[in-house]
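Any chance you can model this:
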Amino acid sequence: MLFLRTFLKMKPIVEPEYFDVCPTLLIHPEVDPMTPYSLSESFYERLQCKKSCIILEGAGHFPIEQPGVEQMKAAVLNFLTEIDNNFEVKKSSIYTGDKKNFSIMCF
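Below is the predicted model:
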């Protein structure tokens, strides 16, 4: 019970309205009785960064069901490819750093 109380009272270090550091991918199972999408949705909607959300069809809390697993794999690969492509454009024009920042949230 302590874990649940701590989890439900947890506050983010940076409120989502002020988070614009990097693109974020939210991956959420469609059929998750432990963490319904409604718990993630309000946080996700408040994020100010570039963001995308993938709902894994037919997947439960630990997404091992198809087609959810393939959807998760495709979403992560597409997300990372897009970041890599954008990084190359920035690097070749005005960007001088060598870091790629991103966030992937799986619930």
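
Contacts for the helix or strand residue 41 falls within, please.
Applying DSSP states H and E as the criterion places residue 41 in helix 37-46. In this structure, residues lying in contact with helix 37-46 by Cβ atoms under 8 Å, 6 or more residues apart in numbering are 12, 15-17, 26, 28, 30, 51, 53, 55, 105, 107. No exception for glycine: its C-beta is placed from N, CA and C like everyone else's.

now with 6 Å?
Applying Cβ atoms under 6 Å, 6 or more residues apart in numbering, the external contacts of helix 37-46 come out as 16-17, 26, 28, 107.

Turn those residues into TSV, including pLDDT, neighbour count and distance to residue 45.
Listed next are the contacts of helix 37-46 as TSV, based on pLDDT from 0 to 100; neighbours: other Cβ atoms under 10 Å; distance: Cβ to Cβ, whole Å:
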residue	pLDDT	neighbour count	distance to residue 45
16	90	17	8
17	92	9	10
26	93	21	10
28	93	22	13
107	49	17	14
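
so which of the residues you listed comes closest to residue 71?
Nearest to residue 71, judged by Cβ to Cβ, of the contacts of helix 37-46 is residue 28 at 10.8 Å.

The closest one - that's part of a helix, no?
No - counting by DSSP: H, G, I helix; E, B strand; the rest coil, residue 28 is not part of a helix but strand.

what about the strands in the protein?
24-29, 51-56, 103-106 (DSSP state E).

Please save the CA atoms from stretch 23-33 in PDB.
Taking Å, rounded to 0.1, in the frame of the first residue of the first chain, the C-alpha atoms of stretch 23-33 are listed here in PDB:
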ATOM      1  CA  PRO A  23      10.300  15.000 -28.100                       C
ATOM      2  CA  THR A  24       8.300  12.400 -26.200                       C
ATOM      3  CA  LEU A  25       6.600   9.200 -27.200                       C
ATOM      4  CA  LEU A  26       3.900   7.800 -25.000                       C
ATOM      5  CA  ILE A  27       3.200   4.100 -25.500                       C
ATOM      6  CA  HIS A  28       0.100   2.800 -23.700                       C
ATOM      7  CA  PRO A  29      -1.700  -0.500 -23.800                       C
ATOM      8  CA  GLU A  30      -5.300  -0.400 -24.800                       C
ATOM      9  CA  VAL A  31      -6.500  -3.000 -22.300                       C
ATOM     10  CA  ASP A  32      -4.700  -2.100 -19.100                       C
ATOM     11  CA  PRO A  33      -6.800  -2.500 -15.900                       C
END
